[in-house]
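Student: Give the three-dimensional model of this entry:
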Amino acid sequence: MAEEPTLHLVCGKIAAGKSTLCRRLAASPEAVLISEDRWMASLFEPELRTVEDYTRYSARLRAAMGEHVEDLLRAGLSVVLDFPANTIANRKWMRGLFENTGAAHQLHYLKISDATCRARLQKRNADGGHEFQVTDEAFDRITGYFAPPTPEEGFNVIVYSED
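Tutor: Here you go, the predicted model:
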C-alpha cells in the first residue's frame, strides 16, 4: 500500500541545503520534485536582476503552480516543493495547498548558521552549477526577510541543524 500523499516543504536560508534535501526526499517512490529555481530560470531568467524581480516572478510562479501541486496531491503523489518556506506569507500559501487537498505535510527546517550558508554560497557561486549567482549583498538582503517557523503556525516541523 502506498504512503499517504505528503507535501514536503523546506525552510532555510540561501545555501542552507534545501535543494539537496529536496532531491533526497524526492527519491522516494511516488514523489514529485517541483523546483522554484529550475522553473524561474527557465521562464524568467533574463528578467531576474533584483530582489524585487524575484519577488514579482516568484508570486506569478506560485499562482501558476498552486493548482498543479494540489492536483498531484489529490492524485496520490507526494510533492517535494523546493520553494522557500522562509516567510510567514509563503508558508500561508503552502498551508493552503495541503489543507485544500487533505494531504499530510512536513516542514523541513534547515537551521544553519549564516557563516555556513555564506561559505556554501561562495563555493556554489565558484562552481557555477546553480541556476543563479547570489552576491553577499543579496544574501544579506534576502536573509533579512527570513522568519523561522514558530509553533503557533501549527506545522509538522522536522529540524536539521549543524549540531
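
Student: Which residue ranges of this protein form strands?
Tutor: 6-11, 31-35, 78-84, 104-111, 157-161 (DSSP state E).

Student: Tabulate the ones you listed (CSV), appending mean neighbour count, distance to residue 98 and mean pLDDT.
Tutor: Using the backbone N, CA and C atoms, a C-beta is placed for each residue, glycine as well. Shown next, in CSV, are the strands of the chain (neighbours: other C-beta atoms under 10 Å; distance: least, C-beta to C-beta, whole Å; pLDDT from 0 to 100):
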stretch, mean neighbour count, distance to residue 98, mean pLDDT
strand 6-11, 24, 4, 98
strand 31-35, 17, 14, 96
strand 78-84, 24, 9, 97
strand 104-111, 19, 4, 98
strand 157-161, 13, 14, 97
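
Student: Would you mind pulling the contact partners of the top helix by length along the chain?
Tutor: Counting by DSSP state H, the longest helix found in the chain is helix 51-74. With C-beta atoms under 8 Å, 6 or more residues apart in numbering as the test, helix 51-74 has contacts from 5, 7, 32, 34, 36, 39-40, 43-44, 47-48, 79, 81, 83, 90, 93, 96-98, 100-101, 103, 138, 141-142.

Student: got it, and stretch 75-91?
Tutor: The contact list for stretch 75-91 (C-beta under 8 Å, 6+ apart) reads 2-3, 5-13, 18-19, 22, 25-26, 28, 30-37, 58, 62, 69, 72-73, 94, 97, 107, 145-147, 149, 153, 155.

Student: Can you give me the end-to-end span of that stretch?
Tutor: End-to-end distance for stretch 75-91, by C-alpha to C-alpha, to the nearest Å: 22 Å.

Student: Just give the closest residue to residue 18, not the sequence neighbours.
Tutor: Distances taken as C-beta to C-beta, 6 or more residues apart in numbering place residue 10 nearest to residue 18, at 4.2 Å, with adjacent residues excluded.
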